[in-house]
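Engineer: Return atomic coordinates for the entry below.
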Amino acid sequence: MFQTFSLLFFLQKNKISQDGRAPIYMRITVNGKRSQISIGRKIEVSKWNKQAGKVIGRTAEFRDLNRYLDNIRNKVYSIQEKLLRNNEDITALKIKNIYQGKGDKKKMLLKIFEDHNNQMAKLVGKEYAPGTLERYKTAKSHLSEFIKFEYKSEDIPVSGIDNKFINGFEYYLKTERNCSHNTSVKYITNFKKIVRIAYANDWIIKDPFLNWKARLKTVDREFLSKEEIQALVDKEISMMRLELVKDIFLFSCFTGLAYVDVAKLTKEDIVIGIDGEKWIKTKRQKTKTRSNIPLLPLAQQIIEKYKGHIIVKSGHKLLPVLSNQKMNAYLKEIADICEINKNLTFHLARHTFATTVTLTNGVPIESVSKMLGHKSLKTTQHYAKILDRKVSEDMSILKKKLNAL
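Structural biologist: As a prediction, the model looks like this:
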């Protein structure tokens, strides 16, 4: 029967290294019987507070080590409390084994990932967008291939995940899968959620992502210039499918809506705003935030142009939008026809609205952020930085002209 329990951190002074550092051990005592284990960290003997079982000092290294000790302490107490709730026999060795992931049936990483994705699939349309589920499925697929490639196995215990595994997965994504830095970070962030689920359920004792930070590199997003927009507007295209795609793309350039949001627009999303003019009022699929956008003349003209289209006439859709894959494929043809030397994708229209159409013409960044449906102004500020770079380039050209006088 459980009576007493104590937890102590101490230095194993008979194992002091040449640099004067001793390994830190954890001792669990239940009913007078002990079990101890090294926590895998060392510290100078002079920096150790024996009474408190902590490191003395305020440096970042010492604060991190004390936090690590607190995390271990909390985890061990959680194990003890769980055993108490389940009315199980409690011994120091049993707590130690559970802490080390021994004894219980091992939880497998890809199985946890698969269960997560299956649950997410049932919430698509309620809490998650279809694209979110696809990204998690792709992340799991890459993780599965990495485990086969690196560990020659179909799956591994989640308790085997450590910093080496995380770094190895990132390296694999960038080399074997040829993913960019930002894409790799996003897949690892998906993987991180699965590991956090395991940690929250006490399937692992330590969170291997504790000191991992997602650091995305700033990417300059392309957008169309005023002249390139005008080239699209002026170009008459005889092929109906290309003309349709060009118009839908321009509609996005003058509303800032992403493909999925344009595709789901209905006639009911056009309302009369506080100024008596027509507005689009919709909720973004990605962030579930509201986008309230006054309709500019060109966008209104495109709506009027397709009122008689069979898809629009027979339903509630505002515009006859093709699949995203077809739209982007046809945009490549349109770029060639209009002699636009940029990788024309549908999402580039949203960037064009933020830069060339609004910010360049003096629309305050707060208003642009609200129309784009951004949750944070920081997201919108990236476009302002792009424009600063454009100003710098333009001024450099001006300086050269002035120097030539």
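
Engineer: Residue 180: how many residues sit nearby?
Structural biologist: By the criterion of other C-beta atoms under 10 Å, residue 180 has 12 neighbours. Heads up, the C-betas are built off the backbone N, CA and C, glycines and all.

Engineer: Starting from residue 341, give me the distance back to it.
Structural biologist: Separation of residue 180 from residue 341 (C-beta to C-beta, to the nearest Å) stands at 22 Å.

Engineer: Let me know the average pLDDT across the top strand by length along the chain.
Structural biologist: The residue-count maximum for a strand in the chain (DSSP state E) belongs to strand 33-44. Taken as a whole, strand 33-44 has an average pLDDT of 90.

Engineer: Equivalent analysis for stretch 127-143, please.
Structural biologist: 92.

Engineer: Please enumerate residues in contact with it?
Structural biologist: 109-110, 113-114, 116-117, 120-121, 124, 169, 172-173, 177, 186-187, 190-191, 260, 285-286 (C-beta atoms under 8 Å, 6 or more residues apart in numbering).

Engineer: What subset of these is buried?
Structural biologist: Buried subset of the contacts of stretch 127-143 (neighbour count, 16 or more other C-beta atoms under 10 Å): 109-110, 113-114, 116-117, 169, 172-173, 186-187, 190-191, 260, 285.

Engineer: Please enumerate the strands of the chain.
Structural biologist: With DSSP E as the criterion, the chain has strands spanning 5-11, 21-30, 33-44, 48-49, 54-55, 270-272, 278-283, 290-294.

Engineer: Switch those over to TSV; also include distance to residue 161.
Structural biologist: As requested, the strands of the chain are exported to TSV (distance: least, C-beta to C-beta, whole Å):
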stretch	distance to residue 161
strand 5-11	24
strand 21-30	21
strand 33-44	15
strand 48-49	30
strand 54-55	26
strand 270-272	50
strand 278-283	37
strand 290-294	39
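
Engineer: Inside helices: which ones of the contacts of stretch 127-143?
Structural biologist: If you go by DSSP state H, these have 109-110, 113-114, 116-117, 120-121, 169, 172-173, 186-187, 190-191, 260 in helices.

Engineer: nearest to residue 203, of the residues you listed?
Structural biologist: Nearest to residue 203 among the ones in helices among the contacts of stretch 127-143 is residue 109, at 9.9 Å by C-beta to C-beta.

Engineer: surely that closest one meets residue 154?
Structural biologist: No: the criterion here is C-beta atoms under 8 Å, and residue 109 misses it with residue 154 at 10.7 Å.

Engineer: Relative to residue 161, how far out is residue 73?
Structural biologist: From residue 73 to residue 161 the distance is 22 Å (C-beta to C-beta).

Engineer: higher neighbour count, these two?
Structural biologist: residue 161 (22 against 14).

Engineer: Find residues that contact each of residue 109 and residue 154.
Structural biologist: residue 147.

Engineer: how close does the residue nearest to residue 216 when sequence neighbours are not counted get to residue 197?
Structural biologist: Using C-beta to C-beta, 6 or more residues apart in numbering and skipping residues adjacent in sequence, the residue nearest residue 216 is residue 182, 5.1 Å away. Per C-beta to C-beta, residue 182 is found 24 Å from residue 197.

Engineer: Those two: which is more packed in?
Structural biologist: Taking other C-beta under 10 Å, residue 182 and residue 197 do not tie; residue 197 has more neighbours (17 against 13).

Engineer: quick one, what contacts the most centrally placed residue in the chain?
Structural biologist: Central residue of the chain (C-alpha atoms, centre = their mean): residue 186, 5.0 Å from the mean position. Contact analysis of residue 186 by C-beta under 8 Å, 6+ apart lists residue 135.

Engineer: roughly how far apart are it and residue 192?
Structural biologist: Distance from residue 186 to residue 192, by C-beta to C-beta: 10 Å.
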